[in-house]
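In: Sequence below, structure please.
(chains A and B)
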Number of protein chains: 2
Amino acid sequence: MKLEISDLFATMQPELLRVESRVRDAAKIDFPFVSSLILDLVQAGGKRLRPLVLLLAARAYRFEVETLVTAAAGVELLHTASLVHDDTVDRSALRRGKPTLNSVLNSGAVILIGDYLFAQSAMLAAATKSPRVVAVFASTLADICDGQLREIFDAHRLDQSRAEYDRRIYGKTAALFAGAAEMGAIIGEAPESHIETVRRYGTDVGLAFQIVDDVLDLREGTDGLGKPGGQDLRQGTVTLPIMLYAEKLPDGSEESRLLRAVLSGEQSEPAAIDQVIRAVRASGTLDETLAQAARLTDRAKDRLSIIPDPETKAMLDQVADIVWERTT
Amino acid sequence: MKLEISDLFATMQPELLRVESRVRDAAKIDFPFVSSLILDLVQAGGKRLRPLVLLLAARAYRFEVETLVTAAAGVELLHTASLVHDDTVDRSALRRGKPTLNSVLNSGAVILIGDYLFAQSAMLAAATKSPRVVAVFASTLADICDGQLREIFDAHRLDQSRAEYDRRIYGKTAALFAGAAEMGAIIGEAPESHIETVRRYGTDVGLAFQIVDDVLDLREGTDGLGKPGGQDLRQGTVTLPIMLYAEKLPDGSEESRLLRAVLSGEQSEPAAIDQVIRAVRASGTLDETLAQAARLTDRAKDRLSIIPDPETKAMLDQVADIVWERTT
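Out: Model prediction:
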């Protein structure tokens, strides 16, 4: 069974609209000015991929809409909260093509607004009344923090392993896809082995998503990303395409010295950063990296053989492909 | 039945030591440098009043130690996490007489460490496996954020009501005492009406605690507080003693103008701030404020008449008095 992405969103629209409305309600806060900022933020929020994964993970089993919508809204708000804090950490001015809260409010207020959104997401998780869903929710939050802390403490050094990169992007991005899938399957009362497999599907989709993101940061400019390109390099974040590029460079070469100077922050001239970006693009590592992400997408899809309902299976298949929409 | 504070801590020591060890375990993180900073922070943590309230709220009913210790550790970590973010918001350099994380790490790392501690506290709440405890936990976090946001958005203006002050300090401080008491009574399977009354006891103790804190900020110097005095004034936070003092000042008087200039931040000279502090001290409003806190303490103790076990009742009575230890 093969589906178009538009079919996927059309089929799931009723549930996604309910998630949307729960997210909007939870984002309401007593201060009108802040409330409108938060509303802008949650409404700017892309495709709702994480809620979609959660809903679909239950769809082939027991589809208990009210609880699923509650949990899905919790997952989306957790995502939004972590973006708010991440933008504060990075001092980013743009996100999804719009000004971040940081560019409008002082950092103290932004920290607390992020905390407020965490609290709202935790209330939604609690409202599922499932201790197991809450446990997955809380450990997902811990994994996200772990990934974001690693991004800070692993920055600026090229001597790191692929395992360190994988662990970092697992926390930063894949944990929430994995958690969304697991929560959906738990609420759907899927058999234990299916819960585990659906969770792994989420992990693979999330890893592919982040790897593609790391490529786009080097391939696209502000217009394509809704935020400035080359941000990872400027922050000293060592991503997979950079690791693969570094492996190709002869020790002590001019290119190697320049890359290290840019990553360490010693060299921060825009022209130097552009020079590294052009060299990475010319080296072919962006395509090699995308090939690795494609293998993860394939693995995610292979895992779906257990899904009993063909339509749901086709939709989860489609979600794994959405990651690639941004690359074309 | 009357108890000494030392008896209280001696009696509850076995459970408090278990809470301590759960808090320390949860504060462990994979980065040795950060781990030792977090450990310092949680170990510097005062008297563990919130865990104590939680444990005692169950003690007259069913005392299921393992779950109570888990929830109490969650409450203490939630408190620590909110202090970490609060210090970042205020850019405080000292807390409990020690340097804050902000004075050692960049603000991005501090935000994420706070988030990490939130995640750990949420994991402990989830580990109680009680949807109701988790719901109280999450709504407590929401109340704390609400109080802290109000502190920012209500700052710098004298035209605010006592109700606004009460709501702010409820969120900032009393919500966690109330939540701790409620969680304890829920785990203890107290009758519904007792759960509600014990929660109100927690609210009153917490309100008294914050009001005393607001007085100490004006009465003590750095030596007595473990942090610089007069911080509320410098941040433009309008506290009860300041509200009472402002009411006494004739409109348009020199003192009134100076107070407004300091609160608005227009006047930030240390000498001017000291002048306001001396005037507040001389005005008698510190004692009037303490009298209001004393009434809350009395009300908290009155609520304890429902507690079936005299020893537990005496201990909760004692906890309500601990608030006052700092004033002598």
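In: For A:P308, grab the count of nearby residues.
Out: 11 (other Cβ atoms under 10 Å in any protein chain shown). In this view, the C-beta of every residue, glycine as well, is placed from N, C-alpha and C.
In: If you could redo that for A:Y245, that was the one I meant.
Out: 25.
In: Can you give me the pLDDT of it?
Out: Confidence at A:Y245, expressed as pLDDT, is 97.
In: Could you verify my assumption that it touches A:R278?
Out: No: the criterion here is Cβ atoms under 8 Å, and A:Y245 misses it with A:R278 at 11.5 Å.
In: Report whether A:S6 is found in a helix, as I expect.
Out: Yes: counting by DSSP: H, G, I helix; E, B strand; the rest coil, one finds A:S6 located in a helix.
In: Confidence-wise, which helix or strand of chain A is lowest on average?
Out: Least confident element among the helices and strands of chain A, by mean pLDDT, DSSP states H and E: helix A:222-225 (a mean of 59).
In: Return the list of helices and strands in contact with the helix or strand just after that one.
Out: Remark: after helix A:222-225, the chain's next helix or strand is helix A:231-235, criterion DSSP states H and E. In terms of contacts (3 or more Cβ pairs under 8 Å, 6 or more residues apart in numbering or on different chains; DSSP states H and E), helix A:231-235 is packed against helix A:192-219, helix A:254-264, helix A:270-283.
In: Just the buried positions in whichever helix or strand comes after the last one, please.
Out: So the one you mean is helix A:270-283. Downstream of helix A:270-283, the next assigned helix or strand under DSSP H and E is helix A:285-303. For helix A:285-303, the neighbour count (16 or more other Cβ atoms under 10 Å in any protein chain shown) marks A:285-286, A:289-290, A:292-294, A:296-297, A:299-301, A:303 as buried.
In: Export the residues you listed as JSON lines, with columns for distance to chain B and pLDDT.
Out: Converted to JSON lines, the buried residues of helix A:285-303 look like this (distance: Cβ to the nearest Cβ, whole Å; pLDDT from 0 to 100):
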{"residue": "A:T285", "distance to chain B": "28", "pLDDT": "97"}
{"residue": "A:L286", "distance to chain B": "28", "pLDDT": "96"}
{"residue": "A:T289", "distance to chain B": "26", "pLDDT": "97"}
{"residue": "A:L290", "distance to chain B": "29", "pLDDT": "97"}
{"residue": "A:Q292", "distance to chain B": "25", "pLDDT": "97"}
{"residue": "A:A293", "distance to chain B": "26", "pLDDT": "97"}
{"residue": "A:A294", "distance to chain B": "31", "pLDDT": "97"}
{"residue": "A:L296", "distance to chain B": "24", "pLDDT": "98"}
{"residue": "A:T297", "distance to chain B": "29", "pLDDT": "98"}
{"residue": "A:R299", "distance to chain B": "27", "pLDDT": "98"}
{"residue": "A:A300", "distance to chain B": "26", "pLDDT": "98"}
{"residue": "A:K301", "distance to chain B": "31", "pLDDT": "98"}
{"residue": "A:R303", "distance to chain B": "26", "pLDDT": "98"}
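In: so where's chain A shaky on pLDDT?
Out: A:45, A:90-99, A:102-104, A:221-228, A:328 (pLDDT under 70).
In: ok, the spatially most central residue of chain A - contacts?
Out: Of all residues in chain A, the one closest to the mean position by Cα atoms, centre = their mean is A:T173, 4.0 Å from it. A:T173 sits next to A:147, A:206-207, A:209-210, A:213 when contact means Cβ atoms under 8 Å, 6 or more residues apart in numbering or on different chains.
In: Name the member of those residues with the most neighbours.
Out: Neighbour max across these (other Cβ under 10 Å) = A:G206, 28 neighbours.
In: so how many other residues sit close to A:S21?
Out: 12.
In: tell me which element it is part of?
Out: Applying DSSP H and E, one finds A:S21 within helix A:5-26.
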